[in-house]
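>>> give me the fold of what follows.
(one chain, ligands or ions: 1)
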Amino acid sequence: MYPPPAEFASRAHVGSLEAYGELYRRAAEHPEEFWAEMAAREVHWFEQWNHAFEWHPPFVKWFVGAKTNASYNCLDRHLAGRGSKPAIIFEGEPGDERIWTYRELHGHVCRFANVLKSRGYKAGDRAIIYMPMVPEAVVAMLACARLGITHSVVFGGFSAEALKARIQDLDAHLVLTADGGWRRGREVRLKEAADEALADCPGVRDVIVLKRTGGTVEMKQGRDLWWHELEAGAEAECPAEPLDSEHPLFVLYTSGTTGKPKGILHTTGGYLTYVTCTMKWVFDLKEEDVFWCTADIGWVTGHSYLVYGPLSAGATCVMYEGAPDHPGWDRWWGIVERHRVTNFYTSPTAIRALIKQGEELPARHDLSSLRLLGTVGEPINPAAWEWYHRVIGKGRCPIVDTWWQTETGGILIAPMPGAVPLKPGSGTLPMPGIEAEVVDFHGKPAPPNTEGFLVIKRPWPSMLRTIWGDPQRYEQQYFSRIPGIYFTGDAARRDEDGYFWILGRVDDVMNVSGHRLSTMEVESVLVRHPAVAEAAVVGKPHEITGQAVCCFITLKQGFEPGDGLAKDLRQWVAHEIGAFARPEEIRFAETLPKTRSGKIMRRLLREIVTSRTVTGDVTTLEDLGVVARLAAQEDED
Ligand code: WTA
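Residues are numbered from 1 along each chain as shown. Predicted structure coming up:
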């Protein structure tokens with residue numbers, strides 16, 4: 001156990017276990033009052049709510065009848081006190097740097113919002129943002145939010161195919177993109193991918209293109225417009241629209257258990273209240289802090305803790321465009337040193353990759369500005385935790401292991417660093433208002449130290465509202481396992497101190513480098529390849545990325561297994577989904593193990609990749625039939 005350092009606790013927003021307990025108790029006993037108080041304190045409202053929430057499971061509304069605006073909360077309300085405070089400290093991969101104050105960021109957002117307005121966009125419209133990690137991506141998000149245009153950011157590492165599916169599902173008329181971005185010294189050619197996607201998206205009227213790399217792009221007449229040309233002529237004032245508290249702020253697509261990604265919908269007032277609260281509770285944010293979350297804006301962590309949370313809380317945020325190993329593996333530590341980062345938030349995968357590079361690299365830099373470290377996205381193994389604590393935090397900085405999901409909008413389980421003693425590998429205790437529990441198949445609480453399903457029993461302000469265009473799937477995915485109760489899809493156990501230990505997904509979702517990827521999504525891509533007859537995909541334990549994608553393949557007549565084909569298939573998946581989904585391993589099999597009713601026995605395949613009972617030699621066909629026959633009886637249900 002690591003108790004909060006006394007010096008840290010004495011200055012913390014929540015400085016003792018008793019203070020945490022008191023907050024938790026108040027929120028549990030009087031949720032309406034508690035959340036109304038938080039909303040009034042943390043968010044600016046143009047009009048007050050009638051009541052704090054309305055819960056008709058599985059649907060919830062927060063701060064019903066109130067009016068607010070996320071862009072206003074992230075910008076305008078800071079102008080008086082923080083106008084000349086840096087809002088964004090940006091470092092591009094090539095080394096270019098920009099520092100924008102709140103006043104400057106406000107100016108950029110207003111001008112760009114006026115551009116969108118002049119093109120006829122307004123509240124209720126939808127925009128896709130497919131951009132590199134540059135400040136203009138934040139401008140794009142906040143300009144949309146300012147007018148009530150619902151945005152969906154698509155991670156720049158996603159392929160044209162994935163982008164197309166999202167544009168179509170959202171029925172977006174507007175796409176904001178860039179010529180490209182920098183990654184490991186190479187240009188990621190975003191506009192080119194966007195053009196490929198847009199060939200099948202006739203509904204898109206405008207494509208606004210930021211010039212970032214200066215790479216050559218084709219501009220389609222009547223559709224494509226240059227960002228800088230439009231912005232040059234725009235007015236610098238644009239009032240934020242007062243929007244309903246339940247106005248859709250953004251949709252973010254994430255993998256589910258089928259081949260089709262789910263558009264997770266978040267709305268305005270509750271989301272903003274919750275992410276702002278957690279900036280203080282979890283990150284103990286102080287006025288003078290320099291906050292750096294390394295996540296890409298294409299993932300929920302980038303939304304909640306790079307953009308909306310920190311800016312709403314008035315923080316100075318660091319934003320870095322490129323790869324952690326460019327030009328060397330100490331790039332991140334150089335950024336911490338140069339910008340005097342105080343709060344640093346990253347993923348266990350990144351930490352494990354950095355551990356491999358040794359201790360000399362961080363030792364070359366002055367990391368003394370750091371006071372708090374965080375992790376997110378996957379369980380952190382205690383050895384990686386200890387290294388992070390000792391080598392990066394010099395034994396001085398608490399580590400907040402934050403458990404949450406795209407669906408939860410904000411952090412639900414994490415230590416309040418001034419209050420809660422840490423145990424490496426545990427997310428510790430839930431936030432106030434979060435009634436998290438580990439239950440068995442019937443929804444009954446599991447005894448201490450027993451594995452079960454992680455559920456959240458009450459609604460919270462930043463929970464997803466629905467799946468875009470598919471309320472039935474929303475209900476079925478999240479509220480049917482235990483009727484009326486939010487099912488996370490994670491297995492967990494609670495120890496004798498009530499601490500949560502997350503054990504991983506219970507569904508067919510893999511977690512690769514902290515990115516969610518559905519086995520079905522990869523399978524459906526594989527079976528579209530001309531050589532593939534059948535495919536079964538499982539997550540395989542991996543030293544750095546947590547899990548890696550492992551594919552079992554049977555081939556069509558006339559195709560031979562071999563290294564060339566394996567490489568082809570890996571490339572095919574990367575092309576269809578994105579490089580982060582590239583399979584680690586392709587294994588060819590004679591047949592896939594199935595139950596008598598025809599279901600692929602994934603559990604068996606998972607055992608095979610974990611225990612290596614069958615050879616991984618790609619040039620020979622594995623006879624999984626034998627293993628299957630042995631295990632068949634056990635698996636019939
Ligand atoms: C996993 C990322 C263990 C979990 C914010 C969850 C974690 C999924 C942790 C959500 C953590 C996230 N410890 N596992 N601290 N944080 N996970 O939607 O399986 O990309 O369900 O959201 O990541 O991934 P998502």
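
>>> by residue count, which helix of this structure is the longest?
What stands out as the longest helix in the chain, according to DSSP state H, is helix 102-118.

>>> now it: buried residues?
Of all the residues in helix 102-118, those buried under the rule 16 or more other CB atoms under 10 Å are 102, 104-117. The C-beta positions use only the backbone N, C-alpha and C, and glycine is treated the same way.

>>> alpha carbons of that helix, as CSV, please.
Backbone C-alpha positions of helix 102-118 (Å, rounded to 0.1, in the frame of the first residue of the first chain) are rendered in CSV as follows:
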residue,chain,number,x,y,z
TYR,A,102,-7.4,31.2,-23.6
ARG,A,103,-8.0,34.5,-25.3
GLU,A,104,-6.2,33.3,-28.5
LEU,A,105,-8.0,30.0,-28.5
HIS,A,106,-11.3,31.8,-28.0
GLY,A,107,-10.5,34.0,-31.1
HIS,A,108,-9.7,31.0,-33.2
VAL,A,109,-12.8,29.1,-32.2
CYS,A,110,-15.0,32.1,-32.8
ARG,A,111,-13.6,32.7,-36.2
PHE,A,112,-13.9,29.1,-37.2
ALA,A,113,-17.5,28.9,-35.8
ASN,A,114,-18.3,31.9,-38.0
VAL,A,115,-16.9,30.0,-41.0
LEU,A,116,-19.2,27.1,-40.2
LYS,A,117,-22.1,29.4,-39.7
SER,A,118,-21.5,31.1,-43.0
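
>>> mean confidence for the helix or strand just after it?
Next helix or strand after helix 102-118 toward the C-terminus (DSSP states H and E): strand 126-130. Regarding strand 126-130, the rounded mean pLDDT is 98.

>>> circling back: and the longest helix of the chain, what other elements does it pack with?
Helices and strands touching helix 102-118, by 3 or more CB pairs under 8 Å, 6 or more residues apart in numbering; DSSP states H and E, are helix 79-82, strand 86-91, helix 135-147, helix 227-232.

>>> which residues touch stretch 1-19?
Identification of contacts with stretch 1-19 by CB atoms under 8 Å, 6 or more residues apart in numbering yields 20, 23, 280-281, 284-286, 371-372, 389, 396, 398, 416-424.

>>> filter the residues you listed to the buried ones?
Buried subset of these (neighbour count, 16+ other CB under 10 Å): 20, 23, 280-281, 284-286, 371-372, 389, 396, 398, 416-420, 422-424.

>>> how close does the closest residue to the ligand within the stretch 351-500 of the chain get to residue 607?
Taking CB to the nearest ligand atom, the ligand has its nearest neighbour within the stretch 351-500 of the chain at residue 406, 3.4 Å off. Distance, residue 406 to residue 607, using CB to CB, to the nearest Å: 29 Å.

>>> neighbour-wise, which of these two wins?
Between residue 406 and residue 607, residue 406 has the larger neighbour count (other CB atoms under 10 Å), namely 19 against 16.

>>> what does the chain put close to the ligand?
Taking CB under 6 Å from any ligand atom as the contact definition, the chain meets the ligand at 254, 299-301, 376-379, 401-406, 427, 488-490, 502, 505, 511, 516.

>>> so which of those residues belong to helices?
Using DSSP H, 300-301 are the members of these that sit in helices.

>>> buried ones only from the residues of the chain next to the ligand, please, as a ChimeraX command.
Selection command for ChimeraX covering only the buried members of those, criterion 16+ other CB under 10 Å:
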select :254,299,300,301,376,377,378,379,401,402,403,404,405,406,427,488,489,490,502,505,511,516
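
>>> separation between the residue in the chain sticking out farthest from the centre and the ligand?
Farthest-out residue of the chain from its mean C-alpha position, per CA atoms, centre = their mean: residue 558, at 41.9 Å. Remark: distance between residue 558 and the ligand (CB to the nearest ligand atom, to the nearest Å) = 40 Å.

>>> ok, residue 407 touching residue 478?
Yes. The pair residue 407 and residue 478 passes the contact test of CB atoms under 8 Å, sitting 7.1 Å apart.

>>> between those two, which contacts overlap?
residue 464.

>>> before we move on, back to that, can you pull the pLDDT of the residue of the stretch 351-500 of the chain closest to the ligand?
98.

>>> ditto for residue 633
According to the model, residue 633 scores 43 on pLDDT.

>>> low-confidence ranges, this structure, go.
For the chain, the stretches flagged by pLDDT under 70 are 612-637.

>>> show me what residue 373 is bridged to.
Counting by DSSP bridges, residue 373 forms beta bridges with residue 344, residue 399.

>>> so who does residue 323 touch?
Residue 323 makes contact with 93, 183-184, 331, according to CB under 8 Å, 6+ apart.

>>> again with residue 317
Residue 317 touches 87-89, 291-293, 306, 310-311, counting by CB under 8 Å, 6+ apart.

>>> pull the CA atoms of stretch 170-183 into CSV?
The C-alpha trace of stretch 170-183 is given here as CSV (Å, rounded to 0.1, in the frame of the first residue of the first chain):
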residue,chain,number,x,y,z
LEU,A,170,-23.8,9.7,-38.7
ASP,A,171,-25.2,11.1,-42.0
ALA,A,172,-22.7,14.0,-41.7
HIS,A,173,-22.8,16.8,-44.2
LEU,A,174,-19.6,18.4,-43.1
VAL,A,175,-16.0,16.9,-42.8
LEU,A,176,-13.1,18.7,-41.2
THR,A,177,-9.7,17.3,-42.1
ALA,A,178,-6.1,18.2,-43.0
ASP,A,179,-3.7,17.5,-45.7
GLY,A,180,-1.9,15.3,-43.2
GLY,A,181,-0.1,15.0,-39.9
TRP,A,182,3.4,13.9,-38.8
ARG,A,183,4.1,10.5,-37.4
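
>>> may I have the beta-bridge partners of residue 454?
On the basis of DSSP bridges, residue 454 is bridged to residue 438.

>>> please report how far it lies from residue 433.
For residue 454, the distance to residue 433 - CB to CB - is 16 Å.

>>> tell me the secondary structure for residue 534?
Using DSSP: H, G, I helix; E, B strand; the rest coil, the secondary structure recorded for residue 534 is strand.

>>> pretty sure it contacts residue 524?
No. Between residue 534 and residue 524 there is no contact under CB under 8 Å: 11.7 Å.

>>> how many neighbours does the residue in the stretch 101-250 of the chain positioned nearest to the ligand have?
Of the residues in the stretch 101-250 of the chain, the one nearest the ligand is residue 155, at a distance of 10.7 Å by CB to the nearest ligand atom. If you count neighbours by other CB under 10 Å, residue 155 ends up with 19.
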